[in-house]
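S.K.: this one's structure only:
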């Protein structure tokens, strides 16, 4: 076994029994811009008969943001290590028992991001552990398709991204470039536009809006003059995005400014999906082919009145009637665990093929 | 004399001769989002006959960003202290010789911002020194009106703000709320929209644009996939805004996407000025009254082909034909020094009045 770093977070391992063969459990991790979830699942038997039901989930651990673009590399690594240690500790297991790890982390946009996180993992785990790093969108897709990489996922939480795979393994993405690079349909995008609308109403550039009263009340601020200080006091994207429910409430109450912000958001989100579907020809040559459309994230969850997710689906169905909307019943971290399992099986097969 | 902090930046004072009465020089400081300039000027004779020509400038010092919203409070304070020390050192003077200081700093949006910086200054200077803290827009206005607080200034550099004063001392502002809160006409706004256009062209959400090739070449990046990493590697707003000339070049070469970004920027900048003029009734009851319109900042400087500043003025003149555009011949830091002088005279007058 490769020597690996044994920081304090792994101290619990002295208490847990050691495994002999390193194929007892798998780890699936979903690292979003708001929070990070890690699932420890017992390794299902190698099988092509589908996913076991119920899923053999042993433990679940939660931590904060692990997007290195948002919190920096050091904090991101610490969060990832801690949440994996927590999940293993809760499951009564340890790193030697792990067969495969799939980390699906937001902010993984480039092979160098992937390689850096792989290097962190290699430092943490024994060499027999199979390691996979993906964008968090891939886990979200897998949470809707139960591990199958086919179709398009739309995530809209604090950030937003559309990510798609064809059955023969081609992939494409749209958006997911963060707030500076125009992810306007995201929770952050919606909320920053609402804050902007308040500033514009206050300084005379824009129409009056119910958002002023509602946002100031939510933030316990006495005047729009305090918004600049509030906004830049803490650069966390999730803190801004947390205002989305206020925008939805105002739109439901008939505020035109809030309504326009949500309508624009729907157009932006649908445009991301359409770009991916078109690039991959997911709907076939006639544009009517069926493909899974997995919808994930707080912005897309059903609201009583103004349902952003439903509006996005309607907008997509107009162009691609074969889109089959799926709202996953399991969370993306489970998707990541199922991916880890599939990758593990795939690699084992390849291994045997090559002998 | 009040005891004041004597950090290393003030070590030069041992070399410079001490003044007896503390009215030899004044300091004017313009703290922008990109750079900070401090002017040390000999105190002009108390006079209502206007501003001395030539201005008795003794020294000029330059430092980086001093906007606390961008670089944080500690770095902002250090930059302000260093650049004032440099200006005094170069002028062969010292803090005891200073009669008045006017700090005009971007990011001063609230009385608490003003008070915090005043507290820093009180720590640095002897108690006889008269201290004034303003938003940097006020110095920019004064640079165009040579110290008179009347009219409207539009600044568009890395950030943007419109700031106005009536002759009877009422004031109003629009924009200046930073990139999260919708300063779309700013250099940062223009450049981030250009970067967004490149991402959208690359992932299929937007039209192809010349900006892709031009921006990647400027940044020495091989592909749009590298833009996310480049953007979030360094959160400095000025670094993004430095791409404005690339956008202007593309618009001049006929690129429709770049052209649209600049046209939107013109509308945004004009809207800020119009909001201030309307709020203060700067153009009188008939809307035709004359008022100074001071135009400052890199975005508004004349370009050969696409002249953003000229387009903004034209847009404002349509609604307010009495706007009198002024492109200051002196820099905002000189405006701050003239303000320090006027405030000093005003306070001295009040002082004599009260005896």
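M.R.: Cool, the structure landed. All figures in this text were calculated on a predicted structure; none of them were measured in a lab.
S.K.: Got the phi and psi for residue A:336?
M.R.: Backbone torsions for residue A:336, taken as degrees, to the nearest 10, come to phi -60, psi -40.
S.K.: So for it, what pLDDT did the model give?
M.R.: pLDDT for residue A:336: 96.
S.K.: Quick check: nearest residue in space to it, chain neighbours excluded?
M.R.: residue A:28 (3.3 Å; Cβ to Cβ, 6 or more residues apart in numbering or on different chains). (Each C-beta comes from the backbone N, C-alpha and C, glycine too.)
S.K.: so the one you found makes contact with residue A:338?
M.R.: Yes: taking contacts as Cβ atoms under 8 Å, residue A:28 lies within contact range of residue A:338: 7.0 Å.
S.K.: quick one, phi psi at the closest residue to residue A:237 other than its chain neighbours?
M.R.: Distances taken as Cβ to Cβ, 6+ apart place residue A:188 nearest to residue A:237, at 4.8 Å, with adjacent residues excluded. Dihedral angles phi and psi of residue A:188 (degrees, to the nearest 10) take the values phi -60, psi -40.
S.K.: close enough to count as contact, residue A:188 and residue A:158?
M.R.: Yes: at 5.4 Å, residue A:188 counts as touching residue A:158 under the criterion of Cβ under 8 Å.
S.K.: Which neighbours do these two have in common?
M.R.: A:237, A:238, A:241 (Cβ atoms under 8 Å, 6 or more residues apart in numbering or on different chains).
S.K.: which one of residue A:28 and residue A:338 has more residues nearby?
M.R.: A count of neighbours by other Cβ atoms under 10 Å in any protein chain shown puts residue A:28 above the other of residue A:28 and residue A:338, at 31 against 26.
S.K.: Distance of the more buried one relative to residue A:62?
M.R.: Note on residue A:28: its distance to residue A:62, by Cβ to Cβ, to the nearest Å, is 13 Å.
S.K.: shared neighbours of those two, which are they?
M.R.: residue A:38.
S.K.: Tell me, how many residues neighbour the residue nearest to residue A:237?
M.R.: For residue A:188, the neighbour count with other Cβ under 10 Å is 28.
S.K.: returning to that earlier point: can you verify the residue nearest to residue A:336 is assigned to a helix?
M.R.: No: Residue A:28 sits outside any helix when classified using DSSP: H, G, I helix; E, B strand; the rest coil, being strand.
S.K.: so what's it up against?
M.R.: Residue A:28 is in contact with A:38-39, A:41, A:101-102, A:104, A:139, A:333-340, counting by Cβ under 8 Å, 6+ apart.
S.K.: one more time with 7 Å
M.R.: If a contact means Cβ atoms under 7 Å, 6 or more residues apart in numbering or on different chains, then residue A:28 has A:39, A:41, A:102, A:139, A:333, A:334, A:336, A:337, A:338, A:339, A:340 as its contacts.
S.K.: Narrow those to those in helices?
M.R.: A:139, A:333, A:334, A:336, A:337, A:338, A:339, A:340 (DSSP state H).
S.K.: CSV for those, including distance to residue A:178?
M.R.: Listed next are the ones in helices among the contacts of residue A:28 as CSV, based on distance: Cβ to Cβ, whole Å:
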residue, distance to residue A:178
A:139, 19
A:333, 22
A:334, 26
A:336, 21
A:337, 27
A:338, 27
A:339, 24
A:340, 27
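S.K.: Make a PyMOL selection of the buried ones in the residues you listed.
M.R.: Buried members of these, defined by 16 or more other Cβ atoms under 10 Å in any protein chain shown, are picked up in PyMOL with:
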select buried, chain A and resi 139+333+334+336+337+338+339+340
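S.K.: Among the ones in helices among the contacts of residue A:28, which one sits closest to chain B?
M.R.: Proximity of the ones in helices among the contacts of residue A:28 to chain B (Cβ to the nearest Cβ) peaks at residue A:139, which lies at 19.1 Å.
S.K.: ok, back up a step: show me what the residue nearest to residue A:336 is bridged to.
M.R.: Going by DSSP bridges, residue A:28 is paired in beta bridges with residue A:39, residue A:102.
S.K.: after the longest helix along chain A, next one along is what?
M.R.: Longest helix in chain A, counting residues (DSSP H): helix A:256-280. For helix A:256-280, the following helix or strand on the C-terminal side (DSSP states H and E) is strand A:291-296.
S.K.: and that next one, which strands flank it?
M.R.: By DSSP bridges, strand A:291-296 pairs with strand A:151-156 (parallel), strand A:323-326 (parallel).
S.K.: Any idea which of these gets closest to residue A:8?
M.R.: Among the strands paired with strand A:291-296, strand A:151-156 comes nearest to residue A:8, with 33.1 Å by Cβ to Cβ.
S.K.: Residue A:259: how many residues sit nearby?
M.R.: Neighbour count for residue A:259, taken as other Cβ under 10 Å: 17.
S.K.: got it, and residue A:16?
M.R.: Neighbour tally, residue A:16, other Cβ under 10 Å: 16.
S.K.: Confirm for me that it is in contact with residue A:93.
M.R.: Yes: Residue A:16 is within contact range of residue A:93, at 6.0 Å (criterion: Cβ atoms under 7 Å).
S.K.: distance of residue A:168 from residue B:219?
M.R.: According to Cβ to Cβ, residue A:168 and residue B:219 sit 34 Å apart.
S.K.: So for the two, which sits in the more crowded spot?
M.R.: When neighbours are counted by other Cβ under 10 Å, residue B:219 comes out ahead of the other of residue A:168 and residue B:219, with 15 against 6.
S.K.: so the longest helix of chain A versus strand A:291-296, what angle?
M.R.: With axes from the mean of the first three to the mean of the last three Cα atoms, to 10 degrees defining the directions, helix A:256-280 sits at 140 degrees from strand A:291-296.
S.K.: Would you mark the buried spots in helix A:256-280?
M.R.: A:257-259, A:261-262, A:265-266, A:268-280.
S.K.: How about the secondary structure of residue A:318?
M.R.: With three-state DSSP as the criterion, residue A:318 reads helix.
S.K.: just to revisit the earlier point, with respect to chain B, which of the shared contacts of residue A:188 and residue A:158 is nearest?
M.R.: For the shared contacts of residue A:188 and residue A:158, the nearest to chain B is residue A:237 (9.7 Å; Cβ to the nearest Cβ).
S.K.: What about the closest one, how many residues nearby?
M.R.: 26.
S.K.: What of residue A:284?
M.R.: Residue A:284: 12 neighbours (other Cβ under 10 Å).
S.K.: I figured residue A:133 was touching residue A:113, is that so?
M.R.: No: if you go by Cβ under 7 Å, residue A:133 and residue A:113 don't touch, sitting 8.1 Å apart.
S.K.: pLDDT score assigned to residue A:274?
M.R.: At residue A:274, pLDDT is 98.
S.K.: show me the contacts for it.
M.R.: Listed by Cβ under 7 Å, 6+ apart, the contact partners of residue A:274 are A:316, A:319.
S.K.: quick one, what contacts the residue of chain A positioned farthest from its centre?
M.R.: Computed with Cα atoms, centre = their mean, the residue of chain A farthest from its C-alpha average is residue A:204, at 38.0 Å. By Cβ under 7 Å, 6+ apart, the contact set of residue A:204 is B:174, B:275, B:278, B:279.
S.K.: so which two of those residues are the farthest from each other?
M.R.: B:174 and B:278 (9.6 Å).
S.K.: What about residue A:115? Give its phi and psi, please.
M.R.: Dihedral angles (degrees, to the nearest 10) for residue A:115: phi -70, psi -40.
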